[in-house]
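Trainee: Prediction below, plus the sequence it came from.
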Amino acid sequence: MLRRLALIAGCAVAFNAAAQGLFDDNEARRRIELLRQSLEAQNRSIDERLAKIELLAGDKNALLEFASQMEQLRNDVAGMRGQVEVLANQAESLAKRQTELYQDIDTRLLKLEKAREQQGALPEKPPAQSAEPDLEIELVNLADVRIGFADGRAPDAYGDDTAAVVNRIVAADIVVLASPVYRASFTGALKNLLDHLPVEALMAKPCGIVAMGATAHHYLGVEWHLRDVLTWFGAIVPPTGVYLSSADFVDGNLVDSAKADLASLADALIKLQTISPVSGKPLGPLPLSARRP
């Protein structure tokens, strides 16, 4: 009985050991499965976090690009502000310069008005006489007369001052043409008057040229163009003319050097008048403009 019980006990012990071994295998599998599931969950969590990180990284690059563009815009705006400041300074300088010019013009006009008033208060002087006792000077100011637009009619057909001015030029022994520089040449008013003159009005007649401009720019413009026209008439022109600029006037009066130049021109014209042929006759070949078919 004791042996049987011992055997039975031994079997029980053996059975318990086997059951314990079976229980350990299932538990291990269960734990492995749990571990696998845990790892998978962790992997999924890692994948999600990596995806979020990649998304954030992409947003970060976009933000960096946006920040770079904003910085470039700031630089451009700063540059434009600098240009605006430069333009504003230039505009201010121009406005100041314009104001100064206006003030200078006003000052000169006031001086001219005062000079005119003083001149009007003086007794009227007789016509100016030159140093030559038999030389009479007559002034024709195109601003004070009405000259019709030359269209081929006879001077007396215009009904204005055209015929009278043409007759005065025809009757003169010496002619001095004076003009301001206008578009690098003489004025259209003077050209219109010359278009009215017959060739005989200036042919073989001493003619002087006086031009005036603010500066020395185009100082030969009037003289060159007038010489061409006077050559067409066959006029006798001194080798040089007189050019007056703003520097030749002080308080509205000519400086001595300018007066000397005008006197020299007058002397040359008087000398040329002594060799001028009979009126209507050329000095040299007959101008082409005077030849009739």
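Mentor: Received it, and whenever you're ready, just let me know what you need.
Trainee: And the helices in the stretch 151-293 of the chain?
Mentor: Listed in chain order, the helices of the stretch 151-293 of the chain (DSSP state H, counting those that start in this stretch) span residues 162-171, 188-196, 221-233, 256-275.
Trainee: most neighbours per residue, which of the ones you listed?
Mentor: helix 221-233 (a mean of 18; mean count of other CB atoms under 10 Å). C-beta here means a position set from N, CA and C on the backbone, and glycine is covered the same way.
Trainee: Now do that helix, average pLDDT.
Mentor: Taken as a whole, helix 221-233 carries a mean pLDDT of 89.
Trainee: what's the helix or strand for the residue nearest in space to the middle of the chain?
Mentor: Geometric centre of the chain, nearest residue: residue 94, 12.8 Å, by CA atoms, centre = their mean. Following DSSP states H and E, one finds residue 94 within helix 2-121.
Trainee: how far does that helix sit from the chain's center?
Mentor: On the basis of CA atoms, centre = their mean, to the nearest Å, the separation between the geometric centre of helix 2-121 and that of its chain is 49 Å.
Trainee: ok, back up a step: so for residue 85, which of the helices of the stretch 151-293 of the chain sits nearest?
Mentor: Closest to residue 85 of the helices of the stretch 151-293 of the chain, according to CB to CB: helix 221-233, at 41.1 Å.
Trainee: From residue 196, how far out is residue 156?
Mentor: If you measure residue 156 against residue 196 using CB to CB, to the nearest Å, the figure is 11 Å.
Trainee: and for the two, which residues touch both?
Mentor: With contacts defined as CB atoms under 8 Å, 6 or more residues apart in numbering, the residues adjacent to both residue 156 and residue 196 are residue 162.
Trainee: which residues touch residue 30?
Mentor: By CB under 8 Å, 6+ apart, the contact set of residue 30 is empty.
Trainee: separation between it and residue 174?
Mentor: In this structure, residue 30 and residue 174 are separated by 138 Å, where distance is defined by CB to CB.
Trainee: what does residue 87 give?
Mentor: Computed with CB to CB, the distance linking residue 87 and residue 174 is 56 Å.
Trainee: Please identify which of those two sits among more neighbours.
Mentor: For the pair residue 87 and residue 174, the greater number of neighbours falls to residue 174 (17 against 10), based on other CB atoms under 10 Å.
Trainee: contacting residues for that one?
Mentor: The contact partners of residue 174, by CB under 8 Å, 6+ apart, come to 205-208, 269-270, 273.
Trainee: quick check: domain ranges of the protein?
Mentor: Taking automatic domain parsing as the criterion, the chain consists of the domains 1-125, 155-290.
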